[in-house]
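*Asks:* All I have is the shape, not the residue letters:
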């Protein structure tokens, strides 16, 4: 997803502030929850773009979407305060519609700075614990010490086998893919 220059600039500035305040990791978690909320609630982006929804309502929605309203009241690292300041800055600058792009850019920046790789393993049926652990070990060796955010999901359409997505790379060892390759080979002859 091309996030654009404006969200990236806001994300870089936010990262610098979070670094100064010592809350980069906590803010990263807030941003992941915010992005998850945008994925689950398609209308949230439309609300952020709607000029008839007032700033206070947008701020409250974003705090809820990021889980900041339910965060530890002590907020020892200041992530909630940093996020709130950020939302208010976006609103003041009439840029609140870029909040999702800025969240995605912050997530990408944090992962790059902290050497975090995202791994999604998709299989036709749930993996048994031994196979899952073996796959995790193999992937961990391949990533040369990177921290791994690992996720498993099931897609019966794969018929059998699995796919592994590591950041922007993909390995497809599924029966569905093999059948597709065989079909293409037969059609080309």
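*Replies:* Happy to help now that I have it. Being a predicted model, the structure only gives us computed values, none of them experimental.
*Asks:* which SSE is the residue positioned nearest the centre of the chain in?
*Replies:* For the chain, the residue nearest the mean C-alpha position is residue 32 (5.3 Å; CA atoms, centre = their mean). If you go by DSSP states H and E, residue 32 is part of helix 24-40.
*Asks:* And the average pLDDT for that helix is what?
*Replies:* Regarding helix 24-40, the rounded mean pLDDT is 96.
*Asks:* Which positions within stretch 101-119 qualify as buried?
*Replies:* 101-111, 116-117, 119 (16 or more other CB atoms under 10 Å). The way it works is simple: take the backbone N, C-alpha and C, and place the C-beta from them, glycine included.
*Asks:* Inside helices: which ones of the residues you listed?
*Replies:* Among those, the ones falling in helices (DSSP state H) are 101, 102, 103, 104, 105, 106, 107, 108, 109, 110, 111.
*Asks:* show me where this protein has helices.
*Replies:* 5-21, 24-40, 43-49, 55-65, 79-92, 99-113, 129-142, 175-188.
*Asks:* ok, and what's touching the fifth one?
*Replies:* With CB atoms under 8 Å, 6 or more residues apart in numbering as the test, helix 79-92 has contacts from 10, 14, 17-18, 21, 23, 26-27, 29-30, 55, 58-59, 62-63, 66, 68, 71, 75, 96, 98-99, 102.
*Asks:* between that helix and helix 99-113, how many degrees?
*Replies:* 130 degrees (axes from the mean of the first three to the mean of the last three CA atoms, to 10 degrees).
*Asks:* circling back: spatially nearest residue to the residue nearest to the centre of the chain (excluding sequence neighbours)?
*Replies:* residue 107 (6.3 Å; CB to CB, 6 or more residues apart in numbering).
*Asks:* Likewise for residue 55?
*Replies:* With CB to CB, 6+ apart, the residue lying closest to residue 55 is residue 91, at 4.5 Å.
*Asks:* State the pLDDT value of that neighbour.
*Replies:* Looking at residue 91, the pLDDT reads 96.
*Asks:* okay, now it: neighbour count?
*Replies:* Residues lying near residue 91 (other CB atoms under 10 Å) number 18.
*Asks:* residues near residue 155, how many?
*Replies:* 14.
*Asks:* ugh, typo on my part, it should be residue 129
*Replies:* 8.
*Asks:* how much space between it and residue 149?
*Replies:* 19 Å (CB to CB, to the nearest Å).
*Asks:* cool, residue 116 as well?
*Replies:* 6 Å.
*Asks:* And for residue 14?
*Replies:* In terms of CB to CB, residue 14 sits 20 Å off from residue 149.
*Asks:* For this structure, give me the ranges with low pLDDT.
*Replies:* 1-3, 70-77 (pLDDT under 70).
*Asks:* Where does the record place the domain boundaries for it?
*Replies:* Taking automatic domain parsing as the criterion, the chain consists of the domains 5-113, 116-188.
*Asks:* most tightly surrounded among the ones you listed?
*Replies:* Looking across the domains of the chain with neighbours counted as mean count of other CB atoms under 10 Å, the highest average goes to domain 5-113: a mean of 17.
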